[in-house]
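Novice: Compute the structure for the input listed below.
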Amino acid sequence: MDVTLLFPPQWTPTQPYLGTACLTGYLKEHGFTCHQIDLNAAFYNCILQKPIIEKSMQIITEKITRLEKKDTLLPEEKETYKKIAMLSALGEYILDTMEESVRFMKSTKSLSDCKAFIFHQGIVNHALQIFSTANDFSLSLSEMKLQSDMKNSENMVQKAREDTFLAHIYREHFINRIISRNTAVCGISITGISQVFPSLVLAHCIKEKYPSVRIILGGSILTRVKDSMSAIMNILNLCDGIMIKEGEIGLLRFCTGYEDEDVPGLIFRKGSHICYNNMEYIQDVNELPPPDFSGIQPNLYFSPELVLPVYGSRACYWGKCAFCDHGSGYHKTYRERSAESVVRDLEYLASTWNTNYFTFSDEALRPTHFYQISQEILKKGLEIRWITNMRGEGTLTRNMCETAFKAGCRVLMVGFESGSQRVLNRMRKGISIESLKRDLRISSAAGIWNHGFFFFGFPGETPSDAVKTMQFVAHNKDVLHSVGGATFTLGNYSHIFREMAHFDVKSIQLNPGEDLGIWVDYTVKGGLTGSQARNVSENFEKRLKNIYPYYLFTRKVGREYLLLFMDTLGRKGIIESYTEEGKGKGKGKERKRRRKNEIAEEVIKNPRLSDHVRIARFSHDFLGGKESEIGTFIVANILNEKLMEVSETAYFILNLCDGVHTLQAIAERISETYDQSYDRVLKDTKAFILEMWREEIITISAMQSEICKALT
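Specialist: Here you go, the predicted structure:
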């Protein structure tokens with residue numbers, strides 16, 4: 001019997017998925033022919049072809065042309081207009097650059113330049129935005145948002161049966177390649193909410209073409225909605241069963257031909273009834289084979305090196321955090337692979353796939369386990385680089401971290417959640433601010449990059465608590481090298497959900513129509529509301545740019561990229577990529593600022609628009625200004641993904657910045673057109689061009705640029 005395991009869109013296409021690799025290894029060990037396909041990575045590569053993006057751009061151009069012809073726009077038309085204006089302005093450039101940008105992201109050349117990497121990643125995301133906007137949804141390298149209701153299973157199943165763009169892509173490019181005549185079972189793994197709808201469409205398309213193939217869905221998301229009878233009933237209309245929690249034993253029996261009643265962890269339909277089987281799990285995870293990534297295509301991943309996921313344990317050794325519901329996807333018993341087993345896997349995978357890069361997918365490595373694995377890596381002489389999650393309990397030692405660094409650990413991902421001890425205690429986090437600081441200092445001193453996660457809005461958190469989190473980040477930036485922030489979401493399998501009276505939660509709103517929702521709306525008795533927490537988070541994100549000059553980089557790269565850049569540039573190299581321009585400023589700063597107007601006119605020769613900038617004129621305003629008979633003039637900057645409205649005169653000047661016209665020639669044209677004094681126009685034009693140069697909107701030659709820098 002042949003088994004096909006699929007990892008569907010949408011997930012970040014930077015590395016293979018661990019779950020299907022673990023299942024593949026387990027099934028093969030028991031004699032099955034098992035094929036795994038990363039349909040998510042293949043999906044991105046399929047979309048990012050110039051003919052597909054060109055076709056999508058034509059649709060956008062037709063949309064904006066229709067809107068341009070209208071005298072006035074309705075509110076919903078203005079929203080559409082605003083959404084597609086930047087794509088319209090940058091479309092030609094994106095089409096010309098996107099294939100080069102894809103190649104750049106996949107090349108080792110990208111690891112030598114942080115800023116170039118972010119730029120090309122932006123081009124790829126804009127190309128995806130063109131495609132998705134033309135098809136009325138939103139897609140980037142990190143997320144997918146559909147127009148349809150993602151929380152209503154009946155609506156999702158109905159939409160999945162329609163002729164959507166996803167169905168078209170599946171049928172035209174994938175179905176015949178992923179299912180063979182020998183395929184008896186097809187497993188689809190859903191680990192993120194954005195994969196639910198694409199998985200349902202996929203199941204429908206497979207059943208449509210190959211009705212005899214038994215389809216089973218699994219993954220953490222379906223485990224977290226298993227108690228929603230309506231959702232389970234609707235999803236079972238498109239598949240033969242749903243496997244919850246860990247799937248090795250259940251999937252093996254399903255493929256072996258056991259009756260549905262005898263398959264552990266299986267949810268299935270029997271007549272008009274929905275049946276839930278008891279679960280079984282692997283108690284000794286040392287008995288499991290290493291993850292098997294056979295069948296994956298490394299060239300599909302948007303990464304300059306193949307980075308493989310591994311694991312050292314299942315479940316969480318702490319398991320008490322009040323906000324966390326990740327554990328609902330596992331059997332609760334914490335199980336740990338021995339350091340020897342873990343390193344044996346690493347050695348096998350490094351040799352088989354010719355890679356030195358690994359990410360641990362554990363909820364968190366126990367500090368002692370972290371040290372044991374590091375020692376075993378050194379004992380085996382493995383030259384690898386890796387990243388893992390840690391808790392910040394204050395139990396790390398200098399020897400532990402120095403050993404780990406020698407063994408290849410380059411990044412620790414630390415969920416510190418809050419800078420307020422009161423909030424940490426309420427979270428049942430089990431760490432103290434001082435213990436966290438101690439771990440950060442020790443790991444940083446060993447050369448490791450510390451990345452922290454925090455969120456605002458935990459029930460009962462006050463504005464004062466939020467300020468303490470902000471202060472914690474600012475005061476510890478030398479040992480906490482980057483952070484990622486969010487706002488609190490209440491999961492329906494968290495301790496808070498079950499014990500809301502203990503956590504200042506006033507009420508929980510359960511919408512019967514949202515049977516696929518894994519987070520719920522709520523109100524609090526005191527402290528920050530949800531909207532207030534979002535405002536705090538947004539405001540703090542703006543401040544983070546001042547705390548970390550390289551914040552744009554660390555906010556936009558995933559953990560795999562951070563690991564690769566750490567290995568290539570090192571911590572100092574990453575930081576200096578964004579701070580070296582600031583060197584030399586200080587005492588002479590004011591003097592140089594005063595001299596900016598003394599730049600000779602001949603220095604600014606033949607200015608031109610930067611490659612990442614386009615200018616455009618639109619008939620209607622969409623940035624909140626007043627409607628004008630002459631239209632709205634826009635500068636679209638792909639670097640910061642912003643639109644800037646400028647005056648008609650500024651637009652005229654920028655239009656002449658083509659690398660051919662000199663500053664004097666531009667001033668002459670402006671003077672003649674607007675009948676103004678040449679000397680006054682020349683002075684104003686020079687000042688404007690210099691300002692645009694400082695904003696990276698205008699480019700001048702390298703030599704001229706250095707002269708300008710010296711003088712300003």
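Novice: The residue lying closest to Phe165 once chain neighbours are set aside: neighbouring residues, count only.
Specialist: Residue nearest to Phe165 in three dimensions, not counting chain neighbours: Asn135, with 4.4 Å by CB to CB, 6 or more residues apart in numbering. (C-beta placed from N, C-alpha, C; glycine too.) By other CB atoms under 10 Å, 19 other residues sit near Asn135.
Novice: Please report how far Asn135 lies from Asn40.
Specialist: As judged by CB to CB, to the nearest Å, Asn135 and Asn40 stand 17 Å apart.
Novice: Nearest residue to the residue nearest the centre of the chain in space, please, no chain neighbours.
Specialist: Compute the mean C-alpha point of the chain, and by CA atoms, centre = their mean the closest residue is Ser142, 3.3 Å away. Of all residues not flanking Ser142 in the chain, Thr12 sits nearest, at 5.5 Å (CB to CB, 6+ apart).
Novice: And the one you found, what's its pLDDT?
Specialist: Per-residue confidence (pLDDT) for Thr12: 96.
Novice: The stretch 51-200 of the chain: strands as residue ranges?
Specialist: Assigned by DSSP state E, counting those that start in this stretch, the strands in the stretch 51-200 of the chain fall at 137-139, 144-146, 183-189.
Novice: Tell me which of those strands sits nearest to Glu641.
Specialist: When the strands of the stretch 51-200 of the chain are compared by CB to CB, strand 137-139 sits nearest Glu641, at 13.7 Å.
Novice: And that closest one, what's buried?
Specialist: By 16 or more other CB atoms under 10 Å, the buried positions in strand 137-139 come out as Phe137, Leu139.
Novice: and what of stretch 606-625?
Specialist: Buried residues in stretch 606-625, counted by 16+ other CB under 10 Å: 606-610, 612-616, 618-622.
Novice: Count residues in the vicinity of the residue lying closest to Met243 once chain neighbours are set aside, would you?
Specialist: Distances taken as CB to CB, 6+ apart place Gly218 nearest to Met243, at 3.8 Å, with adjacent residues excluded. Residues near Gly218, counting by other CB under 10 Å, number 29.
Novice: ok, Gly218 touching Leu251?
Specialist: Yes: in this structure, Gly218 is within contact of Leu251 by CB atoms under 8 Å, at 7.4 Å.
Novice: Show me whatever sits in contact with both of the two.
Specialist: Gly187, Met243 (CB atoms under 8 Å, 6 or more residues apart in numbering).
Novice: Now do the contacts for the residue lying closest to Phe104 once chain neighbours are set aside.
Specialist: What sits nearest to Phe104 in space, not counting adjacent residues and going by CB to CB, 6+ apart, is His120, at 4.4 Å. Residues counted as contacts of His120 (CB under 8 Å, 6+ apart) are Glu100, Ser101, Phe104, Met105, Ser110.
Novice: And the first one, how far from Lys50?
Specialist: Which is Glu100. Distance from Glu100 to Lys50, by CB to CB: 11 Å.
Novice: among the strands of the stretch 51-200 of the chain, which is the most enclosed?
Specialist: Counting by mean count of other CB atoms under 10 Å, strand 183-189 has the highest mean neighbour count of the strands of the stretch 51-200 of the chain, with a mean of 23.
Novice: which helices and strands does that one pack with?
Specialist: strand 2-7, helix 18-29, helix 196-209, strand 214-218, helix 248-256 (3 or more CB pairs under 8 Å, 6 or more residues apart in numbering; DSSP states H and E).
Novice: ok, now with 6 Å
Specialist: Counting contacts by 3 or more CB pairs under 6 Å, 6 or more residues apart in numbering; DSSP states H and E, strand 183-189 is packed against strand 2-7, strand 214-218.
Novice: could I get that strand in PDB with only the CA atoms?
Specialist: Taking Å, rounded to 0.1, in the frame of the first residue of the first chain, the C-alpha atoms of strand 183-189 are listed here in PDB:
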ATOM      1  CA  THR A 183      -1.900   5.600  -3.600                       C
ATOM      2  CA  ALA A 184      -4.400   4.100  -1.100                       C
ATOM      3  CA  VAL A 185      -4.100   6.700   1.700                       C
ATOM      4  CA  CYS A 186      -3.500  10.400   1.600                       C
ATOM      5  CA  GLY A 187      -2.700  12.200   4.900                       C
ATOM      6  CA  ILE A 188      -3.000  16.000   5.000                       C
ATOM      7  CA  SER A 189      -1.300  17.800   8.000                       C
END
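Novice: sorry, back to before: from what I can see the residue nearest to Ser142 touches Ser140, true?
Specialist: No: when contacts are counted by CB atoms under 6 Å, Thr12 is not listed as touching Ser140 (9.4 Å).
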